[in-house]
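Chemist: Give me a 3D structure for the following:
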Amino acid sequence: MTNDLTFFQTVISDIVFRGELGSAGPLISARPLKKPQRHTVPLGSSAIFHQSRRAGFDCEGWWVCEGVPPSAGIFLPGFSRGDVLRLSRRFGLPVDPDGPPPFRHFLKSAAFDGLTSWVASHPKKAANWSHCHTEFDWYAEALRQISQAA
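Modeler: Below is the predicted model of the structure:
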């Protein structure tokens, strides 16, 4: 993992996906293995959508986007349906939802388990980041999961 705010990492179809904390709370970032550019969107309010150029997107295919209607986000070049489902399960990202993505999907993901472990391992740092802007209280949810495991 690259920094001390990274709580989860996986590679799917030559793209490194990381769960990390930022000013918008928990984020998913993506960086192709052989390219320097990195893109992020907030977790908990994002989903995976299949988009077309007609919808105003630069490339047709799968995207991780925030909100409904989706705004531009992370393009997933060459992703198969299986790749999409792996990414969906690991980060709790719903696929093509009809309404706003509920954060509860994220709370049932491997990425959230990683965030919970990170909170348990870095309690002071987690408390400092707990006030960042987000649509749900990820910090309270992580503490709840930690207390249930104890």
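
Chemist: number of nearby residues for A126?
Modeler: Residue crowding around A126 was assessed by other C-beta atoms under 10 Å; the count is 21. C-beta coordinates here come from the backbone N, C-alpha and C atoms, glycine included.

Chemist: Please, which helix or strand holds it?
Modeler: helix 123-129 (DSSP states H and E).

Chemist: Next: A142.
Modeler: helix 138-149.

Chemist: Tell me the gap between that helix and the middle of its chain.
Modeler: From the chain centre to the centre of helix 138-149 is a distance of 18 Å (C-alpha atoms, centre = their mean, to the nearest Å).

Chemist: Check the gap between the closest residue to S23 other than its chain neighbours and P70 for me.
Modeler: Distances taken as C-beta to C-beta, 6 or more residues apart in numbering put C132 closest to S23, at 5.5 Å, once the chain neighbours are dropped. To P70, C132 is 23 Å away according to C-beta to C-beta, to the nearest Å.

Chemist: higher neighbour count, those two?
Modeler: The residue with more neighbours, out of C132 and P70, is P70; 22 against 15, by other C-beta under 10 Å.

Chemist: how about the nearest residue to D14, chain neighbours excluded?
Modeler: L33 (4.9 Å).

Chemist: Relative to G82, how far out is that neighbour?
Modeler: In terms of C-beta to C-beta, L33 sits 19 Å off from G82.

Chemist: cool, F112 as well?
Modeler: 22 Å.

Chemist: who has more neighbours, these two?
Modeler: Between F112 and G82, counted using other C-beta under 10 Å, the more crowded position is F112 (26 against 10).

Chemist: sec struct for that one, please.
Modeler: helix (DSSP: H, G, I helix; E, B strand; the rest coil).

Chemist: G92 contacts D113, doesn't it?
Modeler: No: G92 is beyond contact range of D113, at 10.1 Å (criterion: C-beta atoms under 8 Å).

Chemist: out of those two, which sits in the busier spot?
Modeler: G92 (24 against 16).

Chemist: separation between the more buried one and Q51?
Modeler: Where Q51 is concerned, G92 sits at a distance of 20 Å (C-beta to C-beta).
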